[in-house]
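The following comprises the amino acid sequence and a computationally predicted model.
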Amino acid sequence: MSVCVCIDVVDTLTIDPALLLIIVGSLMFLITFLGCFGALRNATCLLKTFLAILAVNFLLQIAAGAVGYVFTDMVMERTEKLMMKTIVGYREDGDLENAIDYIQKKFQCCGVESYEDWSHNVYFNCSESNPSLEACGVPFSCCVRLQNQTVLNTMCGYGMQQEQKGSAKEHIFTIGCLEKIIMWAQNNLLLVGGLTAGLLLLEVCMMSLAGAQIAWVQKVQRRQKENEAQSRDERKERLWFPAFADFDGE
């Protein structure tokens, strides 16, 4: 039961761009604050917390990559279900709607597997009882833009689900976004791999700098303690043997 609740929470965060950005931004601010304030004040406690968070995040990223590679089919199935949920929630969240429109225009795709996936949305459903003017249609972001087109036709997707794929292809994108995103990742494998490696290398550098700062602060603190102990010993010696004492006179 708890696993299902956790999955639902993750799905909710993923399909709500505004909430996801707020949470990610807050976590990044907290981690950055720990690192910066700990370095400025030479606070080993904050630096160790910063280092521990980075290490856990690094290990989680490595584990996620390994799990995604081993269980590719399960990850793809989960991704497909998540993308289908975003289609169902289209028009219910303005941020989500803008995100879907951007992806469909950017990758020139429509739906998850095909343009017919939009029938899962209550506004674009093809049932006869659907009173929406957009029934059996697709969003305008699925439409193929003509050359030199300056005015966007927001009604170009109306009734496109009733068309056959061959005729619909002349007006809208018919390939699903999941396939297009996979194709883009395969065609830009070096770019994706380079960005991933660069991010991991940056995290390793940050962990190394944090560890070096902790070691330097601890070394300075040990030296200060040794100097204080030496100063106390010298003060004790001066109390027992005052300076300029004339021992020969005795």
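Looks like it came in fine. The model shown is predicted, which means the values in this text are computed figures rather than measured ones.

Residue 200 looks like it's in a helix, true?
Yes. Assessed by DSSP: H, G, I helix; E, B strand; the rest coil, residue 200 belongs to a helix.

In the chain, what helix or strand scores lowest on average pLDDT?
Within the chain, no helix or strand scores below helix 2-14, which has a mean of 47 by mean pLDDT, DSSP states H and E.

Which helix or strand lies directly C-terminal to that helix?
Heading C-terminal from helix 2-14, the first helix or strand you meet, by DSSP states H and E, is helix 17-41.

which residues are contacting that following helix?
Contact with helix 17-41 is made by 12-14, 43-47, 49-50, 53-54, 93, 95-96, 99, 206, 210, 213, as judged by Cβ atoms under 8 Å, 6 or more residues apart in numbering. Where you see a C-beta, it was placed from the backbone N, CA and C, and this is true even at glycine.

could you point out where this protein is predicted with low confidence?
1-17, 236-250 (pLDDT under 70).

Try it again at 80.
Applying pLDDT under 80 to the chain flags the ranges 1-20, 146-152, 231-250.

Break down the protein into its helices, ranges please.
2-14, 17-41, 44-70, 72-88, 94-107, 165-168, 177-187, 189-240 (DSSP state H).

if we can go back for a sec, buried ones among the contacts of helix 17-41?
Among the contacts of helix 17-41, those classed as buried by neighbour count (16 or more other Cβ atoms under 10 Å) are 43-44, 46-47, 49-50, 53-54, 93, 96, 99, 206, 210, 213.

Just send the residues you listed back as TSV, with distance to residue 135 too.
Formatted as TSV, these follow (distance: Cβ to Cβ, whole Å):
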residue	distance to residue 135
43	61
44	64
46	57
47	59
49	55
50	54
53	49
54	51
93	21
96	21
99	24
206	52
210	57
213	62
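
from those, which is closest to residue 187?
Distance to residue 187 across the buried ones among the contacts of helix 17-41 (Cβ to Cβ) is lowest for residue 99, with 22.4 Å.

The closest one and residue 149, how far apart?
According to Cβ to Cβ, to the nearest Å, residue 99 and residue 149 sit 23 Å apart.

residues in contact with residue 62?
Taking Cβ under 8 Å, 6+ apart as the test, what residue 62 contacts is residue 200.

ok, it to residue 52 distance?
Counting by Cβ to Cβ, the gap from residue 62 to residue 52 is 16 Å.

ok, now residue 221?
For residue 221, the distance to residue 52 (Cβ to Cβ) stands at 20 Å.

Lovely, talk soon.
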